[in-house]
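> below: sequence and its predicted model.
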Amino acid sequence: MTTERRFAISRETAWCPGCGNFGILSALSQALEGLDLNPQDVLYVSGIGQAGKTPHYIKGNVLNTLHGRTLPTATGAKIANGDLTVIAEGGDGDGYAEGGNHFVHAMRKNIDITYIVHNNQVFGLTKGQASPMSGPGMVTGTTPKGVAYESFNPLALAITLNAGFVARSYAADQQHLIKTLKAAVQHPGFALVDVLQPCVTFNKINTYQWYRSRVYDLNQDPNYDPHDRSMAWERSWEWGEKIPIGIFYKVNRPTLADSIPALKSGPLVKQPLVSPNLDEVLAQFK
Ligand SMILES: Cc1ncc(C[n+]2csc(CCOP(=O)(O)OP(=O)(O)O)c2C)c(N)n1
Ligand code: SF4
């Protein structure tokens, strides 16, 4: 059985023809198949946006939440049932703007989820307004004179916060994306995969052609060591004529579940439901 058969749903999507989201959807289904996972053991959590629709087009369990609330919802799900492979997924607006605070704390707590950010450098669903990833000078409906400030750097922030797995890939490089997603899902702890995703309708700067001449795999360099935090941080700032993709940083450290005593005896959903004696609880507050 091929990947596409186990995880793919043949359903019409709401995406524009040529959208980079198709490449991410296809790579994700192949990565999960390659890891020999079954759809019933996978939960996708997404917010609102074009990227947030991805779980509608792949087999598995879906929790569609509010714009920007993907990560806290995914955290709750993982705590409730740690046996699930939890994939959080959304756009750069969802994750780095509205959900920016959650992004910081999910990494700090090292929750064992994979976070895929479809980075198209605009708010796609609401028609191309500037997002935190829009480059300085980019003209959009909300920045008619061009973006006046620096872009957000999710990789540098993730490395600074000692996130367990920090990677970037590219929607049009299927083999690279499949390999990166597989490694991210296998990583025990928070795994960020920022995916460069061309938006053919609202981003006329960061196009397939633009990326084709710039993207290179930093893991092809034998001198690059993803365990070296300083090296990773320095490379996370490289952007322009050359754009690195690959695993920037990797570290194993305790996950959130390791620090919650109630989870030591297994996922909450598999533990017996104990009704507390409310009189005893209330007595503690008298
Ligand atoms: C709390 C809240 N704020 C704003 C919106 C409006 N909204 C919905 S999707 C969206 C932008 C989505 O952009 P992004 O997350 O980058 O995803 P994309 O569509 O580009 O994949 C916005 C602003 C909303 N639905 N809810
Ligand atoms: S607007 Fe952009 S991100 Fe949304 S479906 Fe179309 S190409 Fe994709």
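On my side now, so go ahead. Ligands and ions are numbered 1, 2, ... in the order given.
> which one is the most centrally placed residue in the chain nearest to, not counting chain neighbours?
Taking C-alpha atoms, centre = their mean, the centroid of the chain lies closest to I116, which sits 2.0 Å from it. Leaving out its chain neighbours, the residue that sits closest to I116 by C-beta to C-beta, 6 or more residues apart in numbering is E89, at 4.6 Å. For the C-beta atoms, the positions are set from N, CA and C on the backbone; glycine is no exception.
> that neighbour and I48 touch, don't they?
No: judged on C-beta atoms under 8 Å, E89 makes no contact with I48 at a distance of 11.9 Å.
> tell me which of the two has more neighbours.
E89 (29 against 21; other C-beta atoms under 10 Å).
> report pLDDT for R108.
R108 is assigned a pLDDT of 94 by the prediction.
> same question but for S10, I mixed them up
So S10 comes in at 83 (pLDDT).
> specify the local secondary structure of it.
Of the three states, S10 takes coil under DSSP: H, G, I helix; E, B strand; the rest coil.
> does any bit of the host helix or strand of the residue nearest to the centre of the chain sit next to ligand 2?
If you go by DSSP states H and E, I116 is part of strand 114-119. No: Strand 114-119 lies out of reach of ligand 2 by C-beta under 6 Å from any ligand atom, never closer than 7.5 Å.
> test my guess that H118 contacts N21.
Yes: counting by C-beta under 8 Å, H118 touches N21, with 6.1 Å between them.
> more neighbours: which of these two?
Neighbours per residue (other C-beta under 10 Å) separate H118 from N21, with H118 holding more: 31 against 27.
> got the contact list for the more buried one?
H118 makes contact with 20-21, 24, 49-51, 54, 89-92, 171, 195, 197, according to C-beta atoms under 8 Å, 6 or more residues apart in numbering.
> the closest residue to it other than its chain neighbours: neighbouring residues, count only.
The shortest distance from H118 to any non-neighbouring residue, by C-beta to C-beta, 6+ apart, is to A51 (3.5 Å). By other C-beta under 10 Å, the residues close to A51 number 33.
> what do you get for I205?
If we define neighbours as other C-beta under 10 Å, then I205 has 13 of them.
> write out the residues of the stretch 51-200 of the chain neighbouring ligand 2.
N120, G124, C199, V200.
> and these, which is closest to P244?
N120 (18.7 Å; C-beta to C-beta).
> wait, isn't the closest one in contact with D194?
No: using C-beta under 8 Å, N120 makes no contact with D194, being 11.2 Å away.
> which one's more surrounded, these two?
Per other C-beta under 10 Å, whichever of N120 and D194 has more neighbours is N120, with 31 against 25.
> ok, and the closest non-adjacent residue to the more buried one?
Using C-beta to C-beta, 6+ apart, the closest residue to N120 is C199 (3.8 Å).
> try G137
G146 (4.2 Å).
> what about that neighbour, which SS state?
Here G146 takes the coil state, with states given by three-state DSSP.
> tell me who's in contact with it.
So G146 contacts P136, G137, M138, V139 (C-beta under 8 Å, 6+ apart).
> give me the buried entries from those residues.
Buried by 16 or more other C-beta atoms under 10 Å: M138, out of the contacts of G146.
> and the residue of this structure closest to ligand 1?
G91 (2.1 Å; C-beta to the nearest ligand atom).
> so who does that residue touch?
Neighbouring residues of G91 by C-beta under 8 Å, 6+ apart: G49, Q50, A51, G52, V117, H118, N119, N120, F123, G124, L125, S131.
> give me the beta-bridge partners of the closest residue to the fourth one other than its chain neighbours?
To tie it back to what came earlier, the one meant is G52. In space, and not counting its chain neighbours, G52 is closest to S46: 4.0 Å by C-beta to C-beta, 6+ apart. Note on S46: beta-bridge partners by DSSP bridges are N64, E89.
> is it true that S46 touches Y57?
No: applying C-beta under 8 Å as the test, S46 and Y57 come out as separate, 11.1 Å apart.
> one step back: thought the residue nearest to N120 was touching N119?
No: contact between C199 and N119 fails when scored by C-beta under 8 Å: they sit 9.8 Å apart.
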